[in-house]
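*Asks:* Next one to model:
(chains A and B)
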Amino acid sequence: MQVTYRGKQFAIEETLTVLQLLKRLKLLPESVLVIRNGQLVTEDHHLLPDDMVKIVSVVSGG
Amino acid sequence: MRCRTCGATAVINMRQHKLALCAEHFVAWILHNTTRAIHNYRMIAPGERVLVAVSGGKDSLALWDVLLRLGYHADGLYINLGIDGGRAYSAQSQAKAEAFAARCTAQFPKTRFFVVDLLKQYGESIPQLAARKRRETRPCSLCGLVKRHEMNRMALELGYDVLATGHNLDDEVATLFGNVMRWQTGYLVRQDPVLPADGEGLARKIKPFCRIYERETAAYALLQGIDYIEEECPYAKGATSLQYKETLTQMEHDVPGTKLQFYVKFLQAKAEGLFAATAGLPELQLCTTCGQPTTAEGQCSFCRLWER
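*Replies:* Residues are numbered from 1 along each chain as shown, chains lettered A, B, ... in the order given. A predicted model of the protein is given here:
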């Protein structure tokens, strides 16, 4: 799958759930939303090799 | 994961509420919870006109969208602070706000959108002002002062009853955490979903998203196709409030609902008089230059900024 996070793109070859992906990237599910092929998905969702995944940080402010 | 309401595929799981919802029912849930906050905290009376301060970010644009969908007379105000940060930050955020305003006007034709450009209005942008005041590295408090003044000025000059901001639960909890860490009782007394008008130059300020997590406002914006600016203000990097948010999100991860409990119990304790005996509110006078209320003698902090 192709993953985009904070403007950077990288590939992950395995099939993972959203939660497994976030753990691998050391991200808390409470701080992001995950979009798979244009659709918002929950943490239990399985991500497949052909998927385009975007991780959106939800934290704003300063 | 399935939507608790209809059984369709869920798009969001809110552990703090033990609630997973599909897109349709999540949007309805946001509208319902915003309505509940508006009613419970008596934010907007029937027929009142609301000015929504929009930054081009997810929270304020989502709030404007929600208020319009709920049938309120809600217009938008954008303040261009002239921040570049090597990526035309203010220009980009204004473009997002303008594009969304055009969408609102197409859907709700009476909707209006106002822009204040700090450079045109006062001759200096936030970076220029911060440089003159020797606060180049951390102009956030100065920027906050300018925004609060200008939001209030515009609400009063344009005759709005209410000024709404997109502060969400995470913003409120980070502020509360910071104020508790420093025991700033004066700020704690004033932290509230509604700051009433004083009849002498302060517009009523409301925060209809004060009980909605920022993950939920972001999900709402994404589901409604709201194109918001994802990048942070260049000056926000390393901000204390972001460090507080990180700490609080870790606590929320370990114990879902921590943020909501912290905030709601604080409001309850305050309503029961926790701070009443310890922190009096300062006397307000009118600024000799702009006429807005201030705790200072003579000119307010905002007007003093522009003295050269």
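*Asks:* count of residues packed around the closest residue in space to residue B:100 that isn't next to it in sequence?
*Replies:* Leaving aside its chain neighbours, residue B:100 sits nearest to residue B:61 (5.1 Å; criterion: C-beta to C-beta, 6 or more residues apart in numbering or on different chains). All C-beta atoms are positioned from the backbone trio N, CA, C, and that covers glycine. Neighbour count for residue B:61, taken as other C-beta atoms under 10 Å in any protein chain shown: 30.
*Asks:* Distance of residue B:61 relative to residue B:163?
*Replies:* 16 Å (C-beta to C-beta, to the nearest Å).
*Asks:* now swap in residue B:118 and tell me
*Replies:* 18 Å.
*Asks:* and what of residue B:56?
*Replies:* Distance from residue B:56 to residue B:163, by C-beta to C-beta: 18 Å.
*Asks:* For residue B:294, which residues are in contact?
*Replies:* The neighbours of residue B:294, taking C-beta atoms under 8 Å, 6 or more residues apart in numbering or on different chains as the test, are B:284, B:285, B:286, B:287, B:300, B:301.
*Asks:* Kindly apply the preceding question to residue A:20 instead.
*Replies:* By C-beta under 8 Å, 6+ apart, residue A:20 has no neighbours at all.
*Asks:* Then residue B:1?
*Replies:* Counted by C-beta under 8 Å, 6+ apart, residue B:1 has contacts A:42, A:43, A:44, A:45, B:9, B:10, B:13, B:20.
*Asks:* Find the nearest non-adjacent residue to residue A:14, please.
*Replies:* Closest to residue A:14 by C-beta to C-beta, 6+ apart is residue A:49, at 8.0 Å.
*Asks:* wait, isn't that neighbour in contact with residue A:16?
*Replies:* No: when contacts are counted by C-beta atoms under 8 Å, residue A:49 is not listed as touching residue A:16 (10.1 Å).
*Asks:* ranges for the helices of the chain?
*Replies:* Unless you meant another one, I'm taking chain A. For chain A, applying DSSP state H gives helices covering A:18-24.
*Asks:* right idea, wrong chain: chain B
*Replies:* Under DSSP H, chain B gives helices at B:23-40, B:58-69, B:89-107, B:118-122, B:126-132, B:140-157, B:169-181, B:185-190, B:214-223, B:240-254, B:258-271, B:301-305.
*Asks:* Put together JSON lines for those, with mean pLDDT and distance to residue B:199 on each row.
*Replies:* Output for these, formatted as JSON lines (pLDDT from 0 to 100; distance: least, C-beta to C-beta, whole Å):
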{"stretch": "helix B:23-40", "mean pLDDT": "98", "distance to residue B:199": "22"}
{"stretch": "helix B:58-69", "mean pLDDT": "98", "distance to residue B:199": "24"}
{"stretch": "helix B:89-107", "mean pLDDT": "97", "distance to residue B:199": "30"}
{"stretch": "helix B:118-122", "mean pLDDT": "96", "distance to residue B:199": "26"}
{"stretch": "helix B:126-132", "mean pLDDT": "95", "distance to residue B:199": "30"}
{"stretch": "helix B:140-157", "mean pLDDT": "95", "distance to residue B:199": "11"}
{"stretch": "helix B:169-181", "mean pLDDT": "97", "distance to residue B:199": "26"}
{"stretch": "helix B:185-190", "mean pLDDT": "88", "distance to residue B:199": "17"}
{"stretch": "helix B:214-223", "mean pLDDT": "98", "distance to residue B:199": "32"}
{"stretch": "helix B:240-254", "mean pLDDT": "96", "distance to residue B:199": "31"}
{"stretch": "helix B:258-271", "mean pLDDT": "96", "distance to residue B:199": "23"}
{"stretch": "helix B:301-305", "mean pLDDT": "94", "distance to residue B:199": "20"}
